[in-house]
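Peer 1: Build me a model:
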Amino acid sequence: MFVVDTNIIVPLYIRSAATEAARKLRERDAVWRTEPFALIEFSNALASYARARYLTKELAQQCLGQAENFLRAHYFEVTHEAALELALRYKLAAYDGRFLAVAHQLGARLITEDTKLRAAAPALTQSLAEALAQA
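Peer 2: Residues are numbered from 1 along each chain as shown. From the prediction side, this is the model:
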């Protein structure tokens, strides 16, 4: 089981430098826990790519459906209070607090490529490369 940030989900569906690493992580364990808010952020990324004509509307919709099917079974909802508490503790945005709350409540580290988030909460986070390096 991995706890993942949206920036780990995106490369599974939109080709980037992190795509191969994200696929390796999924091969290692397909149980990815995340907050349902991740799908909102993912939708926003898809909309941005579609507006930039990197993706068609149809492909964006297909990616959204695939991601929702993959993630839905393992969503982990946190309370707004828990997210706010961690956002305030680590001086981060509330949406980052949501992902940290998932990691905190599950006793796992959030896999994220957000360097600011990792710097703010190193005990609760790790990079994709760090996650892949663990046995």
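
Peer 1: nearest spatial neighbour of Arg109, skipping sequence neighbours?
Peer 2: Nearest residue to Arg109, sequence neighbours excluded (C-beta to C-beta, 6 or more residues apart in numbering): Gln126, at 4.6 Å. Where you see a C-beta, it was placed from the backbone N, CA and C, and this is true even at glycine.

Peer 1: wait, doesn't that neighbour sit right on Leu110?
Peer 2: Yes - using C-beta atoms under 8 Å as the test, Gln126 is close enough to Leu110 to be in contact (7.4 Å).

Peer 1: re the thing from before, tell me the contacts of the residue nearest to Arg109?
Peer 2: If a contact means C-beta atoms under 8 Å, 6 or more residues apart in numbering, then Gln126 has 109-112, 118 as its contacts.

Peer 1: cool, Pro36 as well?
Peer 2: Taking C-beta under 8 Å, 6+ apart as the criterion, Pro36 is in contact with 75, 77.
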